[in-house]
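> let me see the structure of the following:
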Amino acid sequence: MEVHELVARIKADHKSLTRVKEPLSITMFNTGKSTTGVNGQFVFSQVLIDCLLRMESNKRDIDELIARCETEYRGNNTELNRLREFQKDYSYDKALSWYTRDSFFYRTLNKALRCQDIDMMFLYRSCITDIYRQLQRYQSNIPLHVYRSQLMTKNELEDLKQSIGEFISVNSFLSTSMKRSIAVFLAGDTTEQTYMERVFFEIDADPKIAISQPFADISTLSDFDESEVLFMVGSIFRLNSISCKADQVWIIRMTLCSGDEHDFKDVLAHMKKQNGSGPTNLRTFGKVLWEMGKLGLAEKYYNRLLTELSLNDLVISNVYEDLAQITSQKGDFDISMQWRQKSLAVKNQHQSTGTAQIDNISNSIGKFAEKFDHY
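Reported below is the predicted structural model:
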């Protein structure tokens, strides 16, 4: 093996071992439960990704993303140089190439998805969309059987054992290998980490079934042939079985699912329908966060929307009214009253909208004032 090949192999092994040790963020759907709690989190995570994929980005978002990464990697000249390269060189057709590199891009993007860091997910949405489209472009046209090694806590493994026959969703991009030997090697030894369990995933994926959740062989984009197959963030799998081998490696068998076999498909379709079928925007995003119960974040993105609207924009009154409801739910009743008054003022400036709508808002303010006085 040539020196450059050896270096590439060492780098590839290091990258793969790092990913094995990273926590795998999984959300479970139990068909015997309602759409609240854990199941609600499962559904909302799907709706959130759907919303981000349909939302355009702008220069302000990219500038904020760069600034966040500069702050995180301050003093790390290697990563800062890569960041400069990203600013200069990134384009939609290079998203997967950047993702396969062991750099700030992979680490900050996957961390944001894994930890559900809404702000970073929002800023990275154009890159997530670019990866999604590239996965669609390179989508495998034949069924694949792939593998992945993973370290898990005993509690994480126990949760999976309780979900056999159910659905799980992976909240980040899922990297796997077509070569069993590579995944077995990466399973390694946890004798020094007795609190961790070695897990070996075996996944069946049929492109004819999982049309909306692309996966692709991206080996040609890696520095060394790892036979890597990448699954889209939010991919949903049916958990078929869990067994333990003599060497204390847990074998978890899963199947990639289609959009028609989930027991929650009607709920998911209804929620996505509420967001419309076309491009989404900051108001849509704010509403999703609002429905998720993330009132502070919803308020933040509604306020961000206001900075992009003119005072003459007809939708601004509706944004004010939404903010009034959000702040009321937060218990900020005085601020809520101010938003309602702003909404009414805008409506008064646009008499063409009709007096009935103005009367409705006036009545809303009157009822709210009574509630406020009660407190």
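> what mean pLDDT does the host helix or strand of Glu156 have?
If you go by DSSP states H and E, Glu156 is part of helix 154-161. Helix 154-161 shows a mean pLDDT of 93.
> low-confidence ranges in the stretch 51-200 of the chain?
185-194 (pLDDT under 70).
> would you list every one of the helices in it?
59-72, 77-89, 95-100, 104-114, 118-123, 125-137, 154-161, 180-187 (DSSP state H, counting those that start in this stretch).
> buried set for stretch 266-278?
267-268, 271-272, 275 (16 or more other CB atoms under 10 Å). Bear in mind the C-beta positions are built from the backbone N, C-alpha and C, glycine included.
> swap in stretch 117-126?
Applying 16+ other CB under 10 Å to stretch 117-126 flags 118, 120-126 as buried.
> stretch 62-72 too?
Neighbour-count burial for stretch 62-72 [16+ other CB under 10 Å]: 62, 65, 68-69.
> output it as PDB, restricted to C-alpha atoms.
Provided in PDB are the C-alpha atoms of stretch 62-72 (Å, rounded to 0.1, in the frame of the first residue of the first chain):
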ATOM      1  CA  ILE A  62     -25.400  32.100   5.400                       C
ATOM      2  CA  ASP A  63     -23.600  35.000   7.100                       C
ATOM      3  CA  GLU A  64     -25.000  34.000  10.500                       C
ATOM      4  CA  LEU A  65     -24.000  30.400   9.900                       C
ATOM      5  CA  ILE A  66     -20.400  31.400   9.100                       C
ATOM      6  CA  ALA A  67     -20.300  33.700  12.200                       C
ATOM      7  CA  ARG A  68     -21.500  30.900  14.400                       C
ATOM      8  CA  CYS A  69     -18.900  28.500  13.100                       C
ATOM      9  CA  GLU A  70     -16.200  31.200  13.400                       C
ATOM     10  CA  THR A  71     -17.100  31.600  17.100                       C
ATOM     11  CA  GLU A  72     -17.100  27.900  17.800                       C
END
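> ok, residues contacting it?
79-80, 83, 86-87, 104, 108, 120, 123-124, 126 (CB atoms under 8 Å, 6 or more residues apart in numbering).
> any chance of a markdown table for the residues you listed, columns distance to Ile218?
Formatted as a markdown table, these follow (distance: CB to CB, whole Å):
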| residue | distance to Ile218 |
| --- | --- |
| Glu79 | 22 |
| Leu80 | 26 |
| Leu83 | 23 |
| Phe86 | 19 |
| Gln87 | 23 |
| Phe104 | 19 |
| Thr108 | 19 |
| Met120 | 23 |
| Leu123 | 23 |
| Tyr124 | 18 |
| Ser126 | 19 |
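> which of the residues you listed sit farthest apart?
Leu80 and Ser126 (21.3 Å; CB to CB).
> before we move on, back to that, Val146 is nearest to which of the helices of the stretch 51-200 of the chain?
helix 180-187 (8.3 Å).
> what is the distance between stretch 246-262 and the centre of its chain?
21 Å (CA atoms, centre = their mean, to the nearest Å).
> double-check Ser219 against Lys179; I have them as touching.
No - Ser219 lies out of contact with Lys179 (CB atoms under 8 Å); the separation is 9.8 Å.
> shared neighbours of these two, which are they?
226-227.
> show me which of the contacts of stretch 62-72 is closest to Glu321.
Leu123 (27.4 Å).
> relative to Thr153, how far out is that closest one?
Here the criterion is CB to CB, to the nearest Å. By it, Leu123 lies 30 Å from Thr153.
> what residues of the helix holding Glu156 count as buried?
156-157, 160.
> the helix or strand containing Met254 to helix 154-161, inter-axis angle?
Using DSSP H and E, Met254 sits in strand 249-256. Here strand 249-256 runs at an angle of 40 degrees relative to helix 154-161 (axes from the mean of the first three to the mean of the last three CA atoms, to 10 degrees).
> i'd like the first residue to be 8 from this point on
With 8 as the first residue, the last one maps to strand 256-263.
> given strand 256-263, what are its sheet partners and their directions?
Using DSSP bridges, strand 256-263 pairs in its sheet with strand 203-212 (parallel), strand 243-251 (antiparallel).
> export the last one as PDB, just CAs?
The reference is to strand 243-251. Extracted as PDB, the C-alpha positions of strand 243-251 are listed here (Å, rounded to 0.1, in the frame of the first residue of the first chain):
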ATOM      1  CA  ILE A 243     -38.000   5.900   9.300                       C
ATOM      2  CA  PHE A 244     -37.300   2.300   9.900                       C
ATOM      3  CA  ARG A 245     -39.300  -0.600  11.300                       C
ATOM      4  CA  LEU A 246     -37.400  -2.300  14.100                       C
ATOM      5  CA  ASN A 247     -37.700  -6.100  13.300                       C
ATOM      6  CA  SER A 248     -35.600  -7.800  15.900                       C
ATOM      7  CA  ILE A 249     -32.800  -7.600  18.500                       C
ATOM      8  CA  SER A 250     -30.500 -10.400  19.500                       C
ATOM      9  CA  CYS A 251     -27.200 -10.800  21.300                       C
END
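> about what we covered before: in JSON lines, list the buried residues of stretch 69-79 along with distance to Gln336.
Putting the buried residues of stretch 69-79 into JSON lines (distance: CB to CB, whole Å) gives the following:
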{"residue": "Ile69", "distance to Gln336": "32"}
{"residue": "Leu72", "distance to Gln336": "30"}
{"residue": "Arg75", "distance to Gln336": "29"}
{"residue": "Cys76", "distance to Gln336": "33"}
